[in-house]
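Engineer: any chance you could fold what I've pasted below:
(one chain, ligands or ions: 1)
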Amino acid sequence: MQLPPQVREYVEQRAARLGHAALEQAAEALSEHYRAGRPTASAPLSREEKVVAYLATRMPATFAAADLVLREAGRRLGGLRISSSLDLGAGTGAATLAAREVFPDLLEATLLEADPSFAGAGRQLLPEQRWIESDLREAGPWQTHDLVLACYTLGELDDPERIAALDRAWQAARIALVLIEPGTTRGFHWVREARDRLIRQGGRVLAPCPGDGPCPIASPDWCHFGARVERSSLHRRTKRAALGYEDEKFSYVALARAFAGRTPGRIVRRPGRHAGWIDLTVCGREGIRPEKITRRQGPAWRAARKAEWGGTWPPDTYTPHT
Ligand SMILES: C[S@@+](CC[C@H](N)C(=O)[O-])C[C@H]1O[C@@H](n2cnc3c(N)ncnc32)[C@H](O)[C@@H]1O
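Structural biologist: Numbers count the residues shown, from 1 in each chain. Have a look, this model is predicted:
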């Protein structure tokens, strides 16, 4: 997964203007800052350094995570049309850009972002959309939109404000709300808290969970997934990375007001592939279960060979005989 070509071109231009040495230093500082679990706003960088480092190293990853999550959620929406969206803490617009790829009818996007340099870059990338430069803790109630996105955002707020923003985000969601957070224990705990809270307010889980029952994941484990991000040469140079890709780890929940269809189980670990069998760990309605699929199982074996961490099981195209 890679950013769309016109976005990559814009990022290259901004990176060239900042200069390679400054970008490399800024990217290192930003990534240390994230690893420590601190919010974007407090990163010890100039506005220009922060936004260019974000564009070059974080935006490809948040875009890839949003793309994967929105495709999963979209499959569960039963053909409902998404034509408007509200992106909270939009940054440079990654989640909206992904949503526009997944939902072709999405023409009216509103993006709310507090940092003027992030909003400024985002405006260049999504010039025809409505950008609101304001603090989401103060703004609102928001107008309703088919889809509300809060990707890597609410986790940056402190407790009471985060919960208030979550409730307002849900009220603004006409069809669905998508929350994505870093795939850390902290990110997962917040996603689970948000999931439980919104189920109590009538939300139905579209993904990743197979239902609206209590989450069976027990500490110290946590539910997270990975999105493969193809690194551009700029990304590789900035991070001095040898590999041509990286895996972005994230936790998420997508909730809808109404829900067509039953979600199958979810593969919550990387499949274990062996010579004659494949081990899957599946989160189903009855909890987490291991499944061992052998060569002898014909269609199940063929499906398991294509099974991926984060995918559904049984996959949508394969129905087991029970
Ligand atoms: C980690 S970035 C995520 C950006 C984008 N959603 C993405 O997925 O790439 C978090 C963004 O939320 C914004 N943000 C944090 N607190 C905010 C607030 N109170 N009001 C508005 N934006 C906020 C930050 O400025 C930053 O752009």
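Engineer: and residue 23, what does it touch?
Structural biologist: Residues near residue 23 by C-beta atoms under 8 Å, 6 or more residues apart in numbering: 15, 49, 52-53, 56, 238. Every C-beta, even on glycine, is put in place using the N, C-alpha and C of the backbone.
Engineer: close to the ligand: what parts of the chain are there?
Structural biologist: Counting by C-beta under 6 Å from any ligand atom, the positions of the chain adjacent to the ligand are 40-41, 59, 62, 89-91, 94-95, 112-115, 118, 135-137, 151-153, 156.
Engineer: look at residue 273 and report its pLDDT.
Structural biologist: The model reports residue 273 with a pLDDT of 95.
Engineer: er, residue 58 actually
Structural biologist: On pLDDT, residue 58 comes in at 92.
Engineer: residue 321 too?
Structural biologist: 48.
Engineer: looking at it, residue 97 is touching residue 4, isn't it?
Structural biologist: Yes. Proximity of residue 97 to residue 4 meets the contact threshold set by C-beta atoms under 8 Å, at 6.6 Å.
Engineer: who has more neighbours out of the two?
Structural biologist: More crowded of residue 97 and residue 4, by other C-beta atoms under 10 Å: residue 97, with 25 against 14.
Engineer: now do the more buried one against residue 151, distance only.
Structural biologist: Using C-beta to C-beta, to the nearest Å, residue 97 is found at 11 Å from residue 151.
Engineer: same deal with residue 290?
Structural biologist: Relative to residue 151, residue 290 is positioned 31 Å away (C-beta to C-beta).
Engineer: count of neighbours near residue 143?
Structural biologist: If you count neighbours by other C-beta under 10 Å, residue 143 ends up with 10.
Engineer: which secondary element of this structure has the worst mean pLDDT?
Structural biologist: The weakest-scoring helix or strand in the chain, judged by mean pLDDT, DSSP states H and E, is helix 233-239 (a mean of 77).
Engineer: and the next element down the chain from that one?
Structural biologist: Next helix or strand after helix 233-239 toward the C-terminus (DSSP states H and E): strand 245-256.
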